[in-house]
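1. no sequence on this one, just coordinates:
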Ligand SMILES: NC(=O)C1=CN([C@@H]2O[C@H](COP(=O)(O)OP(=O)(O)OC[C@H]3O[C@@H](n4cnc5c(N)ncnc54)[C@H](OP(=O)(O)O)[C@@H]3O)[C@@H](O)[C@H]2O)C=CC1
Ligand SMILES: O=C(CO)COP(=O)(O)O
């Protein structure tokens with residue numbers, strides 16, 4: 001049994017805390033609102049994020065970040081990418097003894113184009129970190145708390161740290177692999193949200209299954225093309241953090257990114273969609289970052305460009321699809337030579 005703290009009591013932080021508590025670990029979860037941590041402690045629920053889920057009574061919650069950081073040597077950080085630097089800087093101030101820090105979020109910071117391990121490495125001093133690990137893969141929180149079979153991957157520069165986290169989470173419904181390609185795992189997790197938004201748009205437009213299959217396949221091709229140019233292992237994109245997560249996010253009714261795209265395809269504005277969701281839609285900010293990365297690395301990412309034009313340049317979804325379909329001829333397999 002280990003002491004573990006989860007920072008962030010949204011859908012994913014709560015589902016992972018559920019797994020850890022089920023595994024017998026002494027798990028404390030931090031939420032920034034006391035009424036929410038009271039609900040977890042007293043009702044053993046977190047209705048705003050995981051409806052009708054009974055949480056293990058052994059799972060405890062606190063809104064006192066200092067207490068939560070002190071509780072454990074392993075910190076699981078589960079806040080949206082937008083809040084990552086602020087949390088990282090607070091952790092830097094609060095950590096007394098070095099901690100193993102695991103993040104489970106999926107995004108890239110626009111403008112700096114930093115991945116989450118890079119942001120955390122900038123915010124948290126090296127002496128406060130035993131290691132940095134990313135956990136990613138096809139894993140909707142709603143299904144994890146139903147104990148439905150789920151597989152994820154953990155990656156770290158430090159193989160032993162990744163293996164420690166693999167052991168911490170593994171159980172009969174939550175299977176964890178390790179992967180040495182931190183860059184590929186983080187890029188796969190972040191960029192699939194862009195393609196899932198686009199998949200939601202084609203579903204919103206009622207374009208059917210051919211269009212969806214095209215988006216997923218060509219989406220994976222452009223994610224891989226960028227990732228390989230940045231130095232990632234192409235095999236990672238055929239794995240859980242790449243194809244696996246892209247399939248689940250582009251097809252699931254649980255996906256906030258797919259839902260957001262679906263509403264855009266049906267004619268709602270981006271403002272309406274983001275304000276109505278009540279949960280994070282990581283793909284919107286990541287589309288900005290991916291558009292910038294494509295320029296910086298001089299990689300062709302037409303689906304990302306089409307989505308960018310809908311989200312940020314006022315183009316209609318149908319116009320973007322027409323543009324995609326009427327581009328010049330291409331070979332399917334020239335991807336890696338770009
Ligand atoms: N949901 C899922 O199934 C999965 C999600 N992920 C990833 O996990 C990350 C977290 O997502 P998820 O839990 O789903 O998000 P949710 O929207 O469900 O919850 C977000 C949580 O973070 C808190 N929060 C929001 N902004 C900040 C901030 N600036 N500082 C501190 N806390 C903040 C919210 O607090 P409050 O309630 O007070 O607003 C809430 O507890 C995302 O990157 C997502 O892509 C990965 C795999 C699966
Ligand atoms: O990353 C996820 C599943 O693996 C969750 O996706 P959404 O953020 O689109 O709900």
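-> Cool, the structure landed. Since the structure is predicted, the reported quantities are computational estimates derived from the model, not experimental observations. Ligands and ions are numbered 1, 2, ... in the order given.
2. for whatever residue of the chain ends up closest to ligand 1, what are its contacts?
-> The minimum distance from the chain to ligand 1, using CB to the nearest ligand atom, falls at residue 10 (1.8 Å). Backbone N, C-alpha and C define where each C-beta goes, glycine included. Residue 10 makes contact with 49, 78, 79, 80, 279, 280, according to CB atoms under 8 Å, 6 or more residues apart in numbering.
3. now do 6 Å
-> Taking CB atoms under 6 Å, 6 or more residues apart in numbering as the contact definition, residue 10 lies against residue 49.
4. Spell out which parts of the stretch 151-300 of the chain neighbour ligand 1.
-> Contact residues of the stretch 151-300 of the chain with respect to ligand 1, defined by CB under 6 Å from any ligand atom, are listed as 279, 280, 282.
5. tell me the contacts of the most centrally placed residue in the chain?
-> If you average the C-alpha coordinates of the chain and look for the closest C-alpha using CA atoms, centre = their mean, you land on residue 106, 2.5 Å from that point. With contact taken as CB under 6 Å, 6+ apart, residue 106 is in contact with 189, 190, 282.
6. So which of those would count as near ligand 2 as well?
-> Among those, the residues lying close to ligand 2 (CB under 6 Å from any ligand atom) are residue 282.
7. Go through the contacts of residue 106 and name the one nearest residue 170.
-> Distances from residue 170 to the contacts of residue 106, taken as CB to CB, are shortest for residue 189 (19.4 Å).
8. could the residues of the stretch 151-300 of the chain next to ligand 1 be laid out in JSON lines, adding neighbour count, pLDDT and secondary structure?
-> Rendered in JSON lines, the data for those read as follows (neighbours: other CB atoms under 10 Å; pLDDT from 0 to 100; DSSP: H, G, I helix; E, B strand; the rest coil):
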{"residue": "279", "neighbour count": "15", "pLDDT": "92", "secondary structure": "coil"}
{"residue": "280", "neighbour count": "23", "pLDDT": "92", "secondary structure": "coil"}
{"residue": "282", "neighbour count": "26", "pLDDT": "98", "secondary structure": "helix"}
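9. possible to save those as TSV with distance to residue 303?
-> Formatted as TSV, those follow (distance: CB to CB, whole Å):
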residue	distance to residue 303
279	24
280	21
282	17
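10. what about residue 206, helix or strand, and which?
-> Residue 206 is located outside every helix and strand, with elements delineated by DSSP states H and E.
11. residues near it, how many?
-> By the other CB atoms under 10 Å criterion, the neighbourhood of residue 206 contains 9 residues.
12. Once you drop chain neighbours, what's closest to the residue nearest to the centre of the chain?
-> Excluding the flanking residues, the one nearest residue 106 by CB to CB, 6 or more residues apart in numbering is residue 189, at 4.0 Å.
13. swap in residue 182?
-> Spatial nearest neighbour of residue 182, chain neighbours left out: residue 155 (4.6 Å); criterion: CB to CB, 6+ apart.
14. Fine by me, we can end here.
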